[in-house]
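Peer 1: What follows is a predicted protein model with its sequence.
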Amino acid sequence: MYTFLVTINEEASVIAGSDALQTLNAVLSCRLDPGAAARARLITLTVGGSTLPAPGVDGQRVRWLDERVLREGDVVTIALRDDVPPDAHSVHLPPATHEEGERFIFENCKRAYFALRAQYEVPQP
């Protein structure tokens, strides 16, 4: 079994992998603010995958690291290994209803707001 040994700024963050995986991925996302000369508004790292479907059971999306916010200068290293056991993962299910989907979007926006608030808010006199 292959695993991803993910470190951020030389600190071990997660070891991702499972024998039951169909895919294993590490996604570095950079959301841009087009009004600010294409400066990054939010940079995140997500480590996850999807499990193989079994008879009578759909495959599931799983996560080891869920949109970890990165800052300029952070160093991310992903080592492909086959000799270290993985950490436990969480199951990440898609929203079942419209309201759950709205709540999911709201929580992601709220997390981004609090992560970046100090960088963009103008201090009040």
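Peer 2: Alright, I've got the coordinates.

Peer 1: Going by C-alpha atoms from here, please, whenever you check contacts or count neighbours.
Peer 2: Noted.

Peer 1: Just list whatever residues bridge to the residue sitting nearest the centre point of the chain.
Peer 2: For the chain, the residue nearest the mean C-alpha position is Thr46 (2.0 Å; Cα atoms, centre = their mean). Legend: beta-bridge partners of Thr46 under DSSP bridges are Val27.

Peer 1: quick check: domain ranges of this protein?
Peer 2: Domain ranges of the chain: 3-93, 94-125, per automatic domain parsing.

Peer 1: Format these as JSON lines; extra columns: mean pLDDT.
Peer 2: Conversion of the domains of the chain to JSON lines gives the following (pLDDT from 0 to 100):
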{"stretch": "domain 3-93", "mean pLDDT": "84"}
{"stretch": "domain 94-125", "mean pLDDT": "75"}
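
Peer 1: where do the helices sit along the protein?
Peer 2: Ranges of helices in the chain, per DSSP state H, are 98-120.

Peer 1: Measure how buried Glu121 is and give me the count.
Peer 2: Glu121 has 8 neighbours, counted by other Cα atoms under 10 Å.
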